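Enquirer: structure of the sequence below:
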Amino acid sequence: EVLAEFESNGIQVVPSAKAANATMNRDTIRNIAAGLGIRTAQFAYAESAEELVNATEKIGYPVVVKPVMSSSGKGQSVVNIDDNIVDAWDYAKKFSAPITGVKFNEAELRIDYPNGSRLQLFGQDNADRLRGLYFDGIVADEYGDWKPSVWGYVIRPALADRKGWAIIIGTPKGRNAFFDRYNEATKRDDWFDLQLTASQSGLLDAEELESLREELTDDAWRQEMECDFDAAIPGAIYGKEMYELEQSGRVLDCYDRTLKTHAVLDLGWSDDTAIWWYQVAGKEIRFIDCYSNSGMPISHYDQVLKMRGYDYGDWLWLPHDAENKTLAANGRSIDQIVRAAGYKTRIIPRTPIVDSINAARTMFNSCYFDRENCYEGLQCLRHYRYEVDPETGMFGKNPLHDQYSHGADAFRMLGLMVDRKSTRLN
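Expert: Residues are numbered from 1 along each chain as shown. As a prediction, the model looks like this:
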């Protein structure tokens, strides 16, 4: 409307006020697309939470929820079947309705109170839409499921202007970011921490607790009811091995300057790259360090290897596909580039994933890990889990590809080296 007024006053709008309005209006842009015979994604309109649920059931999850009229992604969010965002919205409305003068904005999931304060629901999956906002306080639910960068790059800066507060809550799911934040809270005098277990809270009676104890697996009981961060994650590939590793005290300071250091690398051009450094003492395999990054050239990892200052042995272990020549490297393979940098390499042959996982499990009893330098790598091993079949809801045969899988993949490659003798020295 403002642009149209500019045009009426003789000011040129590029391409035009009508075009700008059309791109912001969902109705108009859909009608234009239909008139031109352009296919679009399935869509539906909703004017209430109930209509939203009905529409998403017809279209299927995930869905993008948008206001009819908006720009720059304002008011948009991605909703998955597990988000329960409508439940959260209804819950907030329930306790706000008795307040005189309160206003509900269904499109933006926002409640405006008569004193000028505001409550709004956001999803961390689209954290960029929170940039530039400021908050007096936030409640971060299921913090362990958040992307690691959201807190430091988006949420914490948004609290700075008003010295806002944060309540971070969630269910333990291994030693992830939520565990780190909780552990930090226990050590700081200016933070409050509370661990509320089912057996201590008194919220459930003894009969219900006993029923749950009988029905749930031991890991599920420890995680969901007793707030145990060390309970095996559902579908965890190395859950049993990691538990035994911790219990046997094999996570400790184990670097020995008198021993040669070797490395196993899972290298990629654009995907994540992971490196494990290890030493061998008799039958012990001592993992002393780890590193991961993404989108960096091979020269970067060469510098990482050299800057560590370790006394290297005769070779570096590389995955089977390191021999593949690529256009990105001017027809050279990763193996050739690494050897050109002065390293001797060994190639680990291609092996079915299940065999390499079993080889790594066999190796676990001989493994020791440096407590500090291998922290990120241990996180990868704890969270390495099978993907879920979307049709059956059951765990599949292949590992889930996520931020933890690359470090765990490099580890199971080393399991093959220990388990097999069919490697070759270049």
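Enquirer: check contacts around residue 378.
Expert: Residue 378 makes contact with 175, 242, 251, 369, according to CB atoms under 8 Å, 6 or more residues apart in numbering. Quick note: C-beta positions are derived from backbone N, CA and C, even for glycine.
Enquirer: repeat the analysis, applying 7 Å as the threshold.
Expert: Listed by CB atoms under 7 Å, 6 or more residues apart in numbering, the contact set of residue 378 reads residue 369.
Enquirer: my read is it is in a helix, agree?
Expert: Yes. The assignment for residue 378, made by DSSP: H, G, I helix; E, B strand; the rest coil, places it in a helix.
Enquirer: which parts of the stretch 1-150 of the chain are strands?
Expert: When assigned using DSSP state E, counting those that start in this stretch, the strands of the stretch 1-150 of the chain occupy the ranges 63-65, 77-79, 103-105, 110-112, 118-120, 137-140.
Enquirer: okay, now the sheet partners of the last one, with direction.
Expert: Read that as strand 137-140. strand 165-168 (parallel) (DSSP bridges).
Enquirer: cool, the fourth one as well?
Expert: Taking DSSP bridges as the criterion, strand 110-112 pairs within the sheet with strand 103-105 (antiparallel), strand 118-120 (antiparallel).
Enquirer: got those strands as TSV, with mean neighbour count, distance to residue 220 and mean pLDDT columns?
Expert: As requested, these are arranged in TSV below (neighbours: other CB atoms under 10 Å; distance: least, CB to CB, whole Å; pLDDT from 0 to 100):
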stretch	mean neighbour count	distance to residue 220	mean pLDDT
strand 103-105	13	37	87
strand 118-120	14	33	89
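Enquirer: please state the backbone phi and psi of residue 300?
Expert: Backbone dihedrals for residue 300, given as degrees, to the nearest 10, come out at phi -60, psi -40.
Enquirer: for stretch 377-387, C-alpha coordinates in PDB please.
Expert: Provided in PDB are the C-alpha atoms of stretch 377-387 (Å, rounded to 0.1, in the frame of the first residue of the first chain):
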ATOM      1  CA  GLY A 377      35.100 -37.800  20.100                       C
ATOM      2  CA  LEU A 378      33.600 -39.600  23.100                       C
ATOM      3  CA  GLN A 379      30.400 -37.500  22.500                       C
ATOM      4  CA  CYS A 380      30.400 -38.900  18.900                       C
ATOM      5  CA  LEU A 381      30.700 -42.500  20.200                       C
ATOM      6  CA  ARG A 382      27.900 -42.000  22.800                       C
ATOM      7  CA  HIS A 383      25.500 -40.500  20.300                       C
ATOM      8  CA  TYR A 384      26.300 -42.800  17.400                       C
ATOM      9  CA  ARG A 385      23.000 -44.500  16.800                       C
ATOM     10  CA  TYR A 386      20.900 -46.300  14.200                       C
ATOM     11  CA  GLU A 387      18.500 -44.400  12.000                       C
END
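Enquirer: just how off-centre is it within its chain?
Expert: If you compare the mean C-alpha spot of stretch 377-387 with that of the full chain, they lie 12 Å apart, counting by CA atoms, centre = their mean, to the nearest Å.
Enquirer: what average pLDDT does that stretch get?
Expert: Taken as a whole, stretch 377-387 carries a mean pLDDT of 91.
Enquirer: geometric centre of this structure: which residue is closest?
Expert: Taking CA atoms, centre = their mean, the centroid of the chain lies closest to residue 147, which sits 4.6 Å from it.
Enquirer: break down the stretch 151-300 of the chain into its strands, ranges please.
Expert: Secondary structure of the stretch 151-300 of the chain, counting by DSSP E, counting those that start in this stretch: strands at 165-168, 251-252, 261-266, 272-281, 284-294.
Enquirer: rebuild these as TSV, extending it with mean pLDDT and mean neighbour count.
Expert: Formatted as TSV, the entries for the strands of the stretch 151-300 of the chain read as follows, by pLDDT from 0 to 100; neighbours: other CB atoms under 10 Å:
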stretch	mean pLDDT	mean neighbour count
strand 165-168	94	15
strand 251-252	93	15
strand 261-266	91	24
strand 272-281	91	22
strand 284-294	92	19
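Enquirer: of all those, which one is nearest residue 407?
Expert: Proximity of the strands of the stretch 151-300 of the chain to residue 407 was assessed by CB to CB; the nearest stretch is strand 272-281, lying at 4.5 Å.
Enquirer: got the CA positions of that closest one in CSV?
Expert: These are the backbone C-alpha positions of strand 272-281, laid out as CSV (Å, rounded to 0.1, in the frame of the first residue of the first chain):
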residue,chain,number,x,y,z
ASP,A,272,32.8,-33.3,7.9
THR,A,273,36.3,-34.6,8.3
ALA,A,274,37.3,-36.4,11.5
ILE,A,275,40.8,-37.3,12.9
TRP,A,276,41.6,-39.6,15.8
TRP,A,277,45.2,-39.7,17.2
TYR,A,278,46.2,-42.9,19.1
GLN,A,279,49.2,-44.7,20.6
VAL,A,280,49.8,-48.4,21.1
ALA,A,281,51.2,-49.8,24.3
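Enquirer: determine the longest helix present in this protein.
Expert: helix 405-419 (DSSP state H).
Enquirer: pLDDT weak spots in the stretch 301-426 of the chain?
Expert: Under the criterion of pLDDT under 70, the regions of the stretch 301-426 of the chain flagged as low confidence span 325-330, 419-426.
Enquirer: which parts of it are helices?
Expert: Read by DSSP state H, counting those that start in this stretch, the stretch 301-426 of the chain holds these helices, from start to end of the chain: 334-340, 353-364, 375-383, 405-419.
Enquirer: got the buried residues for the second one?
Expert: By neighbour count, and taking 16 or more other CB atoms under 10 Å as the criterion, the buried residues in helix 353-364 are 356-357, 359-361, 363-364.
Enquirer: go on, the third one?
Expert: Within helix 375-383, the residues that count as buried by 16+ other CB under 10 Å are 377-383.
Enquirer: please apply the same query to the longest one.
Expert: Burial within helix 405-419, assessed by neighbour count using 16+ other CB under 10 Å, is assigned to 405-417, 419.
Enquirer: ok, back up a step: tell me which of the helices of the stretch 301-426 of the chain sits nearest to residue 290.
Expert: Comparing the helices of the stretch 301-426 of the chain under CB to CB, the one sitting nearest is helix 375-383, at 3.5 Å.
Enquirer: which strand residues bridge residue 278?
Expert: The partner list for residue 278 in beta bridges (DSSP bridges) reads residue 262, residue 287.
Enquirer: circling back to that earlier point, tabulate the strands of the stretch 1-150 of the chain (CSV), appending distance to residue 301.
Expert: Output for these, formatted as CSV (distance: least, CB to CB, whole Å):
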stretch, distance to residue 301
strand 63-65, 38
strand 77-79, 34
strand 103-105, 49
strand 110-112, 46
strand 118-120, 43
strand 137-140, 34
